[in-house]
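Trainee: Fold the following for me, if possible:
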Amino acid sequence: MSTAKKFAGQTAIYGVTTIVQRLLGALLTPLYTKAYNPNVYSIFSTMFSYASVLQAVLSFGMETTFFRYLNKFPDNKRQVYNNSFWAVFMVTVVFLILTVPFTHTIAGLIKIGKGTPQGEFELYIRYFLGILVLDAWCAIPFAKLRADSRPIKYGSIKLINIGVTVSLNLIFIWIIPHIIKHHMPGAEWCKQWFTMGWVGYIFVSNLVASFITLLLLLPELLKLQLSFDGVMFKNMLTYSWPVMIAGLSYIVNENFDKILLGKLLPDNISEREVGIYSGCARISVFLSLFNQAFRMGAEPFFFSHAKNKNAGQTYARIMDYFVITMCLMFVGVVANIEILKHYVNNHDYWVGLPVVPPLLLGYVSLGIYTNLSIWYKLSDQTKYGLYISGIGAIVTIVLNVIFIPKYSYMASAWISLIAYASMMIMSYIWGQKNYPIPYNLKKNVIYIVSSIILVYLSFSTFKRNIFVGNILLFLYAGAAFVAERKQLKAIFSKR
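Mentor: Sure, this is the predicted structure:
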């Protein structure tokens with residue numbers, strides 16, 4: 001089997017799991033946007049934005065470090081596992097000490113608008129502290145399952161997690177209100193404790209799912225030993241903290257715009273604007289999903305093939321088809337946006353649809369950056385990840401602070417694109433100087449630029465006409481197939 005086909009197979013295994021997991025999770029967006037108006041939905045998006053930032057801190061970059069050190073110390077895998085988990089565990093303990101006593105103060109800092117009492121935010125924060133810590137404890141056991149090539153168990157637990165989350169959300173948001181409204185059996189009992197329209201049920205659902213996930217990972221957790229290699233641990237931290245900062249910077253780019261929207265816009269519109277932006281941004285989940293699936297398969301694959309003679313050519317070939325796939329998805333989502341807008345199941349949100357094309361192109365840039373970033377991980381130069389993501393985060397924060405007051409969420413959408421494109425360009429330039437990989441720059445740029453032109457025609461010139469958009473998509477896909485047919489035939493003819 002060719003290396004490219006092997007990579008595609010590994011990515012497909014995790015990709016199918018990720019796609020199914022995210023599709024089940026995607027059922028929740030129309031449920032949320034139908035059940036909650038933009039003002040209430042903004043609470044959900046704000047809390048998850050903060051949680052995403054903290055999640056990067058708690059994992060401390062140890063997932064990537066775990067894979068790297070398994071590659072460096074193949075005869076000492078148990079100690080790498082022990083060191084990785086206990087590092088994350090210690091970070092979470094410190095985190096709880098610094099946050100639990102101060103939930104009142106934290107709630108005052110993160111609360112937006114005037115529609116929700118501070119006491120409610122304090123309760124939400126307690127739920128999220130539990131979610132964050134439980135998820136952090138699961139991160140390294142999940143990484144171990146990937147490293148041990150156990151995708152079935154990995155995928156099963158992930159699917160159980162999202163299954164519990166979706167089921168509880170359906171129960172709290174749809175089934176119980178339906179029982180009460182129609183005076184069905186159990187309605188009187190539900191009335192005694194159930195609060196209609198309470199967004200906290202979303203957070204309760206996630207907390208329960210995280211706890212069940214930890215229980216399912218107990219067999220991996222019981223393999224841990226109370227042993228610690230001080231020298232290895234010091235080296236792992238040296239490798240890991242720039243990865244953590246880089247990951248944190250990425251999360252800032254991904255989520256800080258929503259936080260800043262809530263803080264920089266007037267109180268009378270901040271909740272609604274955050275809700276509209278967050279809801280429409282969910283349409284870009286399709287490219288985000290592919291990015292995540294790619295990363296799940298790519299990271300262990302890249303590390304395991306780093307010593308191969310033709311590793312550089314393999315990475316370049318993977319980049320070629322990654323770019324083509326992302327660009328096809330970019331054009332395809334915009335071509336069908338008049339259908340996909342119903343994914344955000346509430347007309348009140350649709351005024352924000354113009355944010356979708358720049359957000360999608362931002363995900364294209366982010367995906368390419370993720371692909372490019374392997375150079376500094378393989379060469380143990382993770383400081384460059386810190387530099388690149390740090391600059392991206394600074395761009396995100398500074399430009400949002402300048403432009404949000406005047407342009408609201410449209411500024412955030414375009415700034416997201418600018419930040420990710422800057423990171424992509426910086427990673428390519430520094431990577432070619434420090435760890436050259438023979439990427440087909442000219443061809444990849446042609447695909448990206450042509451996709452941008454087609455998206456502009458589809459969204460702006462032809463006013464989101466679904467028939468014209470799909471004709472453009474068909475022509476683009478046909479041209480890509482003709483251009484790549486020889487290479488595709490060569491790949492799939494190998495055994």
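Trainee: residue ranges of the helices in the stretch 1-150 of the chain, please?
Mentor: 3-26, 28-35, 38-59, 62-72, 77-99, 103-110, 118-147 (DSSP state H, counting those that start in this stretch).
Trainee: What angle do helix 118-147 and the fifth one make with each other?
Mentor: Using axes from the mean of the first three to the mean of the last three Cα atoms, to 10 degrees, the interaxial angle of helix 77-99 with respect to helix 118-147 works out to 170 degrees.
Trainee: For helix 77-99, what does the pLDDT average out to?
Mentor: Mean per-residue pLDDT for helix 77-99: 91.
Trainee: CA-only coordinates of that helix, as PDB, when you get a sec.
Mentor: Written as PDB, here are the backbone C-alpha positions of helix 77-99 (Å, rounded to 0.1, in the frame of the first residue of the first chain):
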ATOM      1  CA  LYS A  77       6.300   4.600  26.100                       C
ATOM      2  CA  ARG A  78       4.900   3.900  29.600                       C
ATOM      3  CA  GLN A  79       7.000   6.700  31.100                       C
ATOM      4  CA  VAL A  80       6.000   9.100  28.400                       C
ATOM      5  CA  TYR A  81       2.300   8.300  29.200                       C
ATOM      6  CA  ASN A  82       2.800   8.800  32.900                       C
ATOM      7  CA  ASN A  83       4.700  12.100  32.500                       C
ATOM      8  CA  SER A  84       2.100  13.500  30.100                       C
ATOM      9  CA  PHE A  85      -0.900  12.700  32.200                       C
ATOM     10  CA  TRP A  86       0.500  13.800  35.500                       C
ATOM     11  CA  ALA A  87       1.600  17.100  34.000                       C
ATOM     12  CA  VAL A  88      -2.000  17.800  32.900                       C
ATOM     13  CA  PHE A  89      -3.300  16.600  36.300                       C
ATOM     14  CA  MET A  90      -1.100  19.100  38.200                       C
ATOM     15  CA  VAL A  91      -2.100  22.000  35.900                       C
ATOM     16  CA  THR A  92      -5.800  21.200  36.600                       C
ATOM     17  CA  VAL A  93      -5.300  21.100  40.400                       C
ATOM     18  CA  VAL A  94      -3.600  24.500  40.300                       C
ATOM     19  CA  PHE A  95      -6.400  25.800  38.000                       C
ATOM     20  CA  LEU A  96      -9.100  24.700  40.500                       C
ATOM     21  CA  ILE A  97      -7.300  26.300  43.400                       C
ATOM     22  CA  LEU A  98      -7.200  29.600  41.500                       C
ATOM     23  CA  THR A  99     -10.800  29.600  40.300                       C
END
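Trainee: so who does residue 236 touch?
Mentor: 62, 65, 69, 80, 83, 84, 87 (Cβ atoms under 8 Å, 6 or more residues apart in numbering). For the C-beta atoms, the positions are set from N, CA and C on the backbone; glycine is no exception.
Trainee: what about the closest residue to residue 65 other than its chain neighbours, helix or strand, and which?
Mentor: Residue nearest to residue 65 in three dimensions, not counting chain neighbours: residue 240, with 4.1 Å by Cβ to Cβ, 6 or more residues apart in numbering. Here residue 240, judged by DSSP states H and E, is contained in helix 230-264.
Trainee: Name the nearest of the contacts of residue 236 relative to residue 385.
Mentor: Nearest to residue 385 among the contacts of residue 236 is residue 65, at 11.9 Å by Cβ to Cβ.
Trainee: Poorly predicted segments of the chain, please.
Mentor: Within the chain, the ranges that satisfy pLDDT under 70 run 1-27, 113-115, 249-250, 296-300, 304-306, 488-495.
Trainee: Just send the helices of the stretch 1-150 of the chain back as a markdown table, with distance to residue 177 and mean neighbour count too.
Mentor: A markdown table is the format used below for the helices of the stretch 1-150 of the chain (distance: least, Cβ to Cβ, whole Å; neighbours: other Cβ atoms under 10 Å):
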| stretch | distance to residue 177 | mean neighbour count |
| --- | --- | --- |
| helix 3-26 | 21 | 17 |
| helix 28-35 | 8 | 19 |
| helix 38-59 | 14 | 22 |
| helix 62-72 | 39 | 22 |
| helix 77-99 | 33 | 18 |
| helix 103-110 | 27 | 14 |
| helix 118-147 | 19 | 20 |
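Trainee: Let me know which of those helices is the nearest to residue 167.
Mentor: Ranking these by proximity to residue 167 (Cβ to Cβ) places helix 3-26 first, at 9.6 Å.
Trainee: ok so, going back, for the residue nearest to residue 65, give me its contacts.
Mentor: Counting by Cβ under 8 Å, 6+ apart, residue 240 makes contact with 60, 61, 62, 64, 65, 87, 382.
Trainee: from those residues, which two are the most distant?
Mentor: Using Cβ to Cβ, the pair of those lying farthest apart is 87 and 382, separated by 15.3 Å.
Trainee: Mind listing what's buried along stretch 352-368?
Mentor: For stretch 352-368, a neighbour-count test (16 or more other Cβ atoms under 10 Å) marks 352-353, 355-368 as buried.
Trainee: mind listing which of the residues you listed are in strands?
Mentor: Among the buried residues of stretch 352-368, the subset assigned to strands under DSSP state E is empty.
Trainee: Among those, which one lies nearest to residue 448?
Mentor: Nearest member of the buried residues of stretch 352-368 to residue 448, counting by Cβ to Cβ, is residue 364, at 6.9 Å.
Trainee: Please identify the helix or strand for the residue lying closest to the closest one once chain neighbours are set aside.
Mentor: Leaving aside its sequence neighbours, residue 364 sits nearest to residue 326 (Cβ to Cβ, 6+ apart; 4.8 Å). Using DSSP H and E, residue 326 maps to helix 311-335.
Trainee: pull the CA atoms of whatever helix or strand comes next after that helix into PDB?
Mentor: The helix or strand immediately downstream of helix 311-335 is helix 337-340, counting by DSSP H and E. This file holds the C-alpha atoms of helix 337-340, laid out as PDB (Å, rounded to 0.1, in the frame of the first residue of the first chain):
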ATOM      1  CA  ILE A 337     -25.800  28.600   1.400                       C
ATOM      2  CA  GLU A 338     -29.400  29.200   0.700                       C
ATOM      3  CA  ILE A 339     -30.100  25.600   1.800                       C
ATOM      4  CA  LEU A 340     -27.500  25.500   4.600                       C
END
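Trainee: Understood, closing this out.
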